[in-house]
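1. just the structure for this:
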Amino acid sequence: MAMRSRSSNKNQNREESWLFFLGVDHDGKETIARELAKNVFGSYDNFIAIGISSFSSSTRADSNEEVSNKRARNEHGGSLYDRFSDAVCDNPSRVFYLENVDQLDHRSLRQLKSAIKNGSIALADGEIVLMRDAIIVFSCENFISESRSAPSPPTAEKRCEKEEENSDEQKECRVLDLNIATEDGDDELDQSSDSETGILDLVDKKVVFKIQVL
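-> The predicted structure is shown next:
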């Protein structure tokens, strides 16, 4: 199965799958994730959506009591990562649909990257829980690379401004900028590890959903 493909930087012996759904077709992305739960784990009940600020029920047919209980847990359950880790601890054999991951804070992004790399999550009490055969689907409309959105280093920027009139020196400045960017990527991994791009590099499969206009 395509969804079970493993990227080159992941342990081939692990069972879990990490997917990234991009695009504005929110209904389409969630529908596919629900179908994964039905086809892989046998029931739509094995789907759980976890949002950043609003709770999501695991099925569309939850009773009022179940919805009330889930809302209460969500309101006091901490960050998205905390709720995700608790859900995995309860039952890893499900599809976990994590919404709006582009809005996550740096700490949560680091924790999720660690989970992808290690195939396990750390609970608040320090317990380590294996992902086993979980299918994790990250979802957001788009992402912006930190390397593109971040301003150039001040010293290099000023140097380029001063040397604008000299084409030879401009070329030298551009080369310097590229070298700085390369060094940042190689030597300052902690900075790049917080970006969505880092997660995109680690997942097994990226899928872009587009709405077709007739």
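
2. low-confidence stretches in this structure?
-> Where the chain drops to pLDDT under 70, the residues are 1-12, 53-77, 143-197.

3. would you map the strands across it?
-> Ranges of strands in the chain, per DSSP state E, are 17-23, 47-50, 95-99, 120-122, 128-130, 135-140, 205-209.

4. what's the closest of those strands to Gly78?
-> Closest of the strands of the chain to Gly78 is strand 47-50, at 11.5 Å (criterion: CB to CB). Backbone N, C-alpha and C define where each C-beta goes, glycine included.

5. can I get stretch 135-142 in PDB, CA atoms only?
-> Backbone C-alpha positions of stretch 135-142 (Å, rounded to 0.1, in the frame of the first residue of the first chain) are rendered in PDB as follows:
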ATOM      1  CA  ILE A 135      -1.700   6.300  11.200                       C
ATOM      2  CA  ILE A 136      -1.100   9.900  11.800                       C
ATOM      3  CA  VAL A 137      -2.400  12.500   9.400                       C
ATOM      4  CA  PHE A 138      -1.200  16.100   9.700                       C
ATOM      5  CA  SER A 139      -3.500  18.600   8.000                       C
ATOM      6  CA  CYS A 140      -3.300  22.300   7.100                       C
ATOM      7  CA  GLU A 141      -3.900  24.500   4.000                       C
ATOM      8  CA  ASN A 142      -0.300  25.400   3.300                       C
END
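
6. and the gap between the nearest residue to Trp18 once chain neighbours are set aside and Leu112?
-> Leaving aside its chain neighbours, Trp18 sits nearest to Val203 (4.3 Å; criterion: CB to CB, 6 or more residues apart in numbering). In this view, Val203 and Leu112 are 10 Å apart by CB to CB, to the nearest Å.

7. tell me the domain boundaries of the chain?
-> Here the domain assignment for the chain is 2-145+195-209, 147-187, based on automatic domain parsing.

8. mind listing the helices for this protein?
-> 26-41, 64-75, 80-90, 106-118, 146-149, 154-162, 167-187, 189-192, 196-202 (DSSP state H).

9. so what's Leu104 up against?
-> Residues near Leu104 by CB atoms under 8 Å, 6 or more residues apart in numbering: 52, 80-81, 112.

10. those residues into TSV, with extra columns for neighbour count and distance to Val101?
-> Shown next, in TSV, are the contacts of Leu104 (neighbours: other CB atoms under 10 Å; distance: CB to CB, whole Å):
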residue	neighbour count	distance to Val101
Ile52	16	8
Leu80	23	8
Tyr81	22	10
Leu112	24	8
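
11. ok, of those, which one's closest to Cys89?
-> So of the contacts of Leu104, ranked by how close each gets to Cys89 (CB to CB), first place is Tyr81, at 12.4 Å.

12. quick check: the closest one touching Leu112?
-> Yes: with contact defined as CB atoms under 8 Å, Tyr81 counts as touching Leu112 (6.5 Å).
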